[in-house]
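Colleague: Show me the folded form of this:
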Amino acid sequence: MAAVPPSPGSAWPVMAYVPVDELGGRPHVIVDGAPRPGTVLTLSHWPGTPTPEGLWSDVSAGIVRHALAGTRLSAVEAVSIDHVDADGVLSLALLCVEGLAAAHGPLLEDAATVGDFGVVHDRAAARVAFAVNALATADPTGRPRGAAVTDALDVLPRIAADPAAYEALWGPEDRAYEAGLDALRRGTVHIEEDPGHDLAVVHVVDDAGGGAAVRWGDAPVHRAVVHTATDCLRVVTMAGGRYELRYRYESWVRLASRRPRPRVDLSAAADELTAAERAGVRWVFDGAGAITGALHLVGEAPSTLAPERFEEVVRRHLEVLDVGAPAWDPYAAVVGGA
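Modeller: Next up, the predicted model:
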């Protein structure tokens, strides 16, 4: 069985979500992930996946919308995801919830862009993404992943129809995002860009003057604040004595709108920084193939180096490595079956 050209007036049937560990090899569509036994069609921006090139989009939710508009499947009713995040859940919902794609497709694709890339074009879409993030993480009881996804599919149509009504879900993250925007306006967070190396340097001054209100997750300022303000996909963040260079997710997946500058291997930069440190402070590079791989400190101790030294080492290594072969290529040959 395979995807075939659409017949005039054809439309996809509403598909049934089946948790990935319950597929048992039955024919299915996989979204926002890699194929497995029984996969008939892969709708994913992940590198190496056999998504038809005519369906490519920056986020998997966009790929699903393209498929709904121009692909017909033969005798496949099941769809699954192998992880829980905003793009995956939203992609799944577009296939599983009747009428959702027609009523809210653009909003949900925009929300998937916020969820995966931290790029905000519309605040309502951001709040949908933040709500899905909350649903994906608010599971202290250890329920099976499938139960969390089913709960999200149940409430998502109501969130899409009226995001403002679900502040209890999106409020905490939205407030951190707003605090970061305010810090950027006040200049306690400021960004310098080096487009030649696809590099943005983010300075967080005195924890942005907002303390915990500005932080989100492991970032000193909500990453959507930074990612919306710059197109650079290599982001250096300097906050007190904590520095890092992190590759944004856009350079790990297979984008359709542009070809990012390839990732390079910064292991030698980590070695040089470690050799220059005092008091046993150590640096590590996660690897070019890590999803949002970073050059970062190990442990909680701050760097003993001046921020200018860190930035000089990073720029010098990029200057050399950027003229060589890439260390990660999401556009390499497709792996796995369709």
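Colleague: how about the helices in this protein?
Modeller: 60-70, 86-96, 100-117, 123-137, 145-161, 167-186, 223-229, 267-276, 307-321 (DSSP state H).
Colleague: quick one, which of those is nearest to V79?
Modeller: Closest of the helices of the chain to V79 is helix 86-96, at 5.0 Å (criterion: Cβ to Cβ). For the C-beta atoms, the positions are set from N, CA and C on the backbone; glycine is no exception.
Colleague: could I have that closest one exported to CSV, CA atoms only?
Modeller: What follows is helix 86-96, C-alpha atoms only, in CSV (Å, rounded to 0.1, in the frame of the first residue of the first chain):
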residue,chain,number,x,y,z
ALA,A,86,3.7,20.4,20.0
ASP,A,87,4.4,19.7,16.4
GLY,A,88,3.8,16.0,16.8
VAL,A,89,0.5,16.4,18.7
LEU,A,90,-0.7,19.1,16.3
SER,A,91,0.2,17.1,13.3
LEU,A,92,-1.6,14.1,14.7
ALA,A,93,-4.7,16.2,15.6
LEU,A,94,-5.0,17.5,12.0
LEU,A,95,-5.5,13.9,10.9
CYS,A,96,-7.5,12.6,13.8
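Colleague: elements contacting it?
Modeller: Applying 3 or more Cβ pairs under 8 Å, 6 or more residues apart in numbering; DSSP states H and E, one finds that helix 86-96 makes contact with strand 16-17, strand 28-31, helix 60-70, strand 78-80, helix 100-117, helix 123-137, helix 145-161.
Colleague: Which among these is found nearest to E173?
Modeller: helix 123-137 (4.0 Å).
Colleague: Which strands or helices does the closest one pack on?
Modeller: Contact here means 3+ Cβ pairs under 8 Å, 6+ apart; on that basis helix 123-137 packs against helix 86-96, helix 100-117, helix 145-161, helix 167-186.
Colleague: among those, where is the model least confident on average?
Modeller: Mean pLDDT values for the helices and strands packed on helix 123-137 show the minimum at helix 145-161, a mean of 89.
Colleague: okay, the angle between that helix and helix 86-96?
Modeller: Relative orientation of helix 145-161 versus helix 86-96 (axes from the mean of the first three to the mean of the last three Cα atoms, to 10 degrees): 80 degrees.
Colleague: and helix 145-161, which residues are buried?
Modeller: R145, G146, A148, V149, A152, L153, L156, P157, I159, A160 (16 or more other Cβ atoms under 10 Å).
Colleague: tell me which strands and helices that helix is in contact with?
Modeller: strand 16-17, helix 86-96, helix 100-117, helix 123-137.
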